[in-house]
Structure formats: structure tokens, C-alpha cells
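Visitor: Give me coordinates for this.
(2 chains)
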Amino acid sequence: MLTANTPQTIASDRVGDFAFTDYEREQIEHAIHHYAEPRAATIDALKIVQSQRRWVPDGAIYAIADILGIGAGDVEGVATFYNRIYRQPVGRHVIAVCDSIGCFLMGFDELYGALQTKLGIKPGQTTADDRFTLLPVVCLGACDKAPVLMINDATHFNVTAENVDAVLENYK
Amino acid sequence: MTSNINLGLTNVSAETHPLTWRYTQSGKSVLDIKDYEALEGYSALKKAIAMQPTDVQAEVKASNLRGRGGAGFPTGIKWSLIPMGPDAGQKYLVCNADEMEPGTFKDRFLMEELPHQLVEAMITAAYAIGASKGYIFLRGEYVLAGERLNAAIQQATAAGYIGENILGSGFNFELHVHLGAGRYICGEETALINCLEGRRANPRTKPPFPQQAGAWGKPTIVNNVETLMNIPAILLRGADWFKGLSQGKSPDAGTKMYGISGKAKITGLWELPIGTTGRELLYTHGGGMADGYELSCWLPGGASTDFLMPEHLDLAMDYDTIMKAGSRMGTALIMVVDNKQNIISVVRNLEQFFARESCGWCTPCRDGLPWTVKILQSIEAGTGQEGDIQTLQQLTRFLGPGKTFCAHAPGAMEPLQSALKFFPAEFAKGIKA
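Guide: So this is what the prediction gives:
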């Protein structure tokens, strides 16, 4: 049986705190024009919201569904399918460490272990000061310069357990 | 930070290295349209647009260019399946730039350093197939490539190469970069189309093939970055010249972006005649294995290709020769596995990748891949059960070609089945006595 406040929770998700900024709305409307149908702008819309808020809150799923004229379930299905859309809050900087075979052969285990020790978190977690979130990622396409990791939109090459501190220093 | 490109190659010219000469001659990226035009840039488009679209198609077909994304399907034949003529309606050209095959880093280089070459190739190909809209489906992590391609598209639009009535020909073309959000399965062309349409990237049933009903149900051609970037040179210099580029090393035509990763002395990318041997690649260009390491086995072209052994190094790296040896050329960027690696750990890492990246659409793939990983983990830990090796062998059949919705799981089985074949003792060691 539904508890009394369940519908209210859904309603507040839908019409509650979330509203697009003017920038977000403009950017999404611009993206829609690139495609034959508004639905195609789903990933663009999720990324636009994420670029402003670091992650995609529940309310944004409904707002994106409304602006594109599709179901919220479809938007959520897309949001949870792709690796680079975050449906949970993340830190100021997201570290994505390549764990595919090219990096595995060149010292991924040591690098990943060192990062977890230094940051005091496991993959999927965020540091208490909100500075870093640690995630694994698929082959970043730079296997000749492995190990490789991305921090936000920047790719760093030949990162090892020894030199990773210097890389992290660039992200406060 | 750029890779080692064509290190040690001499006499690199437009005639010998159609993919990379513009970069190699100066050692610099060619980002400005003026610099690109000074290096024959957009002259292939001008030539093509003076021809009939079907003649452009015929030239590409005659060149024997085969798809460089891994499958090796003849590009000209793919193009010839698209409806032509005044009643064909809306058509799309999509560039598959979702480079995510572990071990592969060629398209990143080509797009970051030579974005105009892809833009010119897209316009030319679109003209040939009569597509008025094009998308470069770029993986979300390739941020720099995205910036440079968007800048190139803006410059090309300002110069009149993109837009309405291009070069007075009456041909209209619109080109967009679609930045994905990261999922290996997007490289499968029907999954890519679903992603482009804003859906989960599950593959579609074939037929219909994209050439008949692709993006938004319209005829669509999907080509890889490297494939497309050969097109301008083929039109400028002709199909016969392109066929001669392999220098008799292979019945296949053209050059190929080859590469090396793993513990070799020199890693990087080389544009070489297609059919170059693995030995020439690894020893002449890569300097051999790094000091203190020996070659155990190698993947010829990405995670989804069967392992080959040192004795296979003298084979020509082309589609048919590598297939006859029991593997696939794939993307032709080789990954060397050294003697200090535990082969079971290597295979476990590969299968973890495939298990995580399965889209979950069909049962053999969704359930079979995590099962494979679980067995490999216990063999790796020395706690394998009696019958585990037989189960793995069974899985390579249950997840093989024809048993699943797309090529993801069969691809995942390639390194496993070859490891089982070449390293039976290593697997046996992991079974608890």
C-alpha cells in the first residue's frame, strides 16, 4: 500500500525546487535544432544540466522530459545508460582512471591503489572535502601513453603511482 | 601530448602517406583552414563536386577501400546499397568516431591533429551518397577532438564548403558533432544510431540495414574516421594509385594506421602500407620489446580480437591473412603482452571490460559475461573448480557468433577462446587440486 506522502514526493520532484536556468534552457533549445526529433537532444540536455550543477538531480529528469516532449522514464533510461552522466552528486573534480587492458599492462593496479590510499576513498566515492570523486573508465584511447586518467575534461598521460600527486595538485 | 607518429619514417609525402603527411611534414597539427588549403586541402571536394555523385561512388568502389573500424567491409559496396535518385528523400551520413576499442588510439590522433581532413571527407562522402545532413558521432571523452572539429566546421562553413549550394553545385550539407556520453556499445552502428536519436544504445535488428532504414528511419551510411579520411586522396589521385599503396604486401588497398602499445621500446602510431607484418611493426618501428621483457603473445587489433603468438609475427597484417590465422586484424593497433604478465589476469581484465560494457539487451551477453569473469577470477586466485575450464569453453560457444543480438559477446569470446587454446597449462594451474 502506498504511504500517504509518496505522491507528494513525486509531485515535489516534478514541480518542486528544480527549474532550468535561462542558460540551460537556451542551450537545450539550441541543441534540439540539430536533429530531426527533439528526443535526440536528450544526452545534450543531460550534459548541459550537468555542466552547470556537476550532476543531474531528479527534478532535471522531469524538466528535460517536459522540454523534449517525451516520458521521464525515457530520459532516466538514457541518463543511467551512459558512463559520463552522473545521477548522484560528485565532487568538484571527477577522476576517471582507465582500467582497460592497455593501462592494465602498464601499472593500472598500482595507480588505482595509490589513488584510493591517498584520497582515502573507494571507487564511486567522494572525498569528505568534496574535492574529488574517483571512478573507473573504459579505454581512453591513449594506450601508447599508459597509464592514463581524466580529471574533468582533461586527459593526463603516463600517470603513475609515483607522479600522480603532482597531477592532483592542479585541482583544488 | 601527442603520440609518437611515423617515428623513423622517411620520405613522407602526399603520394605515400595520404592519412598523415600533412602532420608529419611539419610535425604540427593543421587546424587553420588556410594552412589546410595550402596543403591540397578541400581540392578533393572541388574535384568531386564537379563529378556525378555516382562517379564518386564508383571511384571509391574501384579503390577497394575497406572499413577501418575493424570489420573491413568494402566501403564502395556499403555506399552502393543506399538509394539514389530524386525520390530517395532525406539521407544521413554518420561518422563513427566512438573510438573505444581497448588498445586503439588512431582516430583520436587523426581528429585532434587533422580535423579539416575529416570535415572535407565528410562533405565529399555526403555528396557521393546524396546526404544533406551529417553527424560526427564522437565519444564524450574526446573533448579536444570535439573542440577542434567544431572549429573546423565553423571555418569550413564560413568558407562556403558547408551550407547551401556548396561551391555553386546546388548541393546542400549540414554537419554537426554529436558528443556521446561514453558506452562501448555505441561503436556498433545500429546502437550508435539509437544513441544519436537520444535512446539507450541497444543494437537494432538487422535487416533492415542502416543503408535502408537508419537514423530516424532514413537511409544512413555509417563510416569510421580513418575510412573516411582516405576518401579525399582517393579522389585526387585515383583508385589505381590507392591500390598501389600496399606495395604488393597485400591484396588489400591503401595504407593503414598501425600502432603499438604494451611493453615495447617505442609505442605510438605509424602509417604503413597495408599488409606490413607484425614483425616489421614491432621490431623495425617499435624497437622490439622493452629491456628485460619478452613477447608472450599479442592482440592484433583491439580487445575483441584473438591472441596471436610470436610465431604469427611474420604474417601480413591485412584482413584475410589475420583471419586465416584464427584472429581478426580489427583496428590493427597491436598490443604486446610480455612474459611477466599472468595471462589469466590479462584475460580477466579483458572480460571485465566486456561484462561492464554489455548493454544488457540479450541474455547470453548480459549473464554469460559476468559468469565468465567470475570463473576467471577464481582461476586467477587458484580456487578454480573442476569443470571450470570446460564451462569457459562452453561459454565461448554459447556467446559466439549467431547466438547473440550483436557482435559484442562474440568479440568478447575471441581473446578467451584463443587464450584457452594457447595457454592451457596456465588455466589448469588455477584449478584447485
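Visitor: can you pull out the strands in chain A?
Guide: Remark: strands assigned in chain A by DSSP state E are A:93-98, A:132-137, A:149-151, A:154-156.
Visitor: Single out the most deeply packed of these.
Guide: With neighbours defined as mean count of other C-beta atoms under 10 Å in any protein chain shown, these peak in mean count at strand A:93-98, which reaches a mean of 23. The C-beta positions use only the backbone N, C-alpha and C, and glycine is treated the same way.
Visitor: can you redo the strands of chain A as JSON lines with mean pLDDT?
Guide: Shown next, in JSON lines, are the strands of chain A (pLDDT from 0 to 100):
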{"stretch": "strand A:93-98", "mean pLDDT": "98"}
{"stretch": "strand A:132-137", "mean pLDDT": "97"}
{"stretch": "strand A:149-151", "mean pLDDT": "98"}
{"stretch": "strand A:154-156", "mean pLDDT": "97"}
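Visitor: So for chain B, which of the ones you listed sits nearest?
Guide: Taking C-beta to the nearest C-beta, strand A:149-151 is the member of those nearest to chain B, at 6.3 Å.
Visitor: Report all helices and strands that that closest one contacts.
Guide: Contact analysis of strand A:149-151 by 3 or more C-beta pairs under 8 Å, 6 or more residues apart in numbering or on different chains; DSSP states H and E lists strand A:93-98, strand A:154-156, helix A:164-168 as its packing neighbours.
Visitor: So what are the sheet partners of it and their directions?
Guide: Its sheet considered, strand A:149-151 pairs with strand A:93-98 (antiparallel), strand A:154-156 (antiparallel) by DSSP bridges.
Visitor: Out of those, which is closest to B:Q352?
Guide: Proximity to B:Q352, assessed across the strands paired with strand A:149-151 by C-beta to C-beta, is greatest for strand A:93-98 (12.8 Å).
Visitor: just the angle between that closest one and strand A:132-137, please?
Guide: Counting by axes from the mean of the first three to the mean of the last three C-alpha atoms, to 10 degrees, strand A:93-98 lies at 30 degrees to strand A:132-137.
Visitor: For B:N223, pull up the helix or strand it's in.
Guide: Assigned by DSSP states H and E, B:N223 belongs to strand B:220-224.
Visitor: contacts for the helix or strand that that strand is followed by?
Guide: Remark: after strand B:220-224, the chain's next helix or strand is helix B:225-229, criterion DSSP H and E. Here helix B:225-229 makes contact (C-beta atoms under 8 Å, 6 or more residues apart in numbering or on different chains) with B:19, B:65-69, B:75, B:95-97, B:99, B:106-107, B:110-111, B:114, B:117-118, B:121-122, B:125, B:257.
Visitor: at 7 Å instead, please
Guide: For helix B:225-229, the external contacting residues (C-beta atoms under 7 Å, 6 or more residues apart in numbering or on different chains) are B:19, B:65, B:67-69, B:75, B:95, B:97, B:106-107, B:110-111, B:117-118, B:121-122, B:125, B:257.
Visitor: Same question for stretch A:46-62.
Guide: A:13-14, A:16-18, A:21, A:24, A:27-28, A:64, A:72, A:75-76, A:78-79, A:85-90, B:181.
Visitor: May I see the ChimeraX selection of the buried members of the residues you listed?
Guide: In ChimeraX syntax, the buried subset of the contacts of stretch A:46-62 is picked out as below (16 or more other C-beta atoms under 10 Å in any protein chain shown):
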select /A:13,14,18,24,27,28,64,72,75,76,78,79,85,86,87,90 /B:181
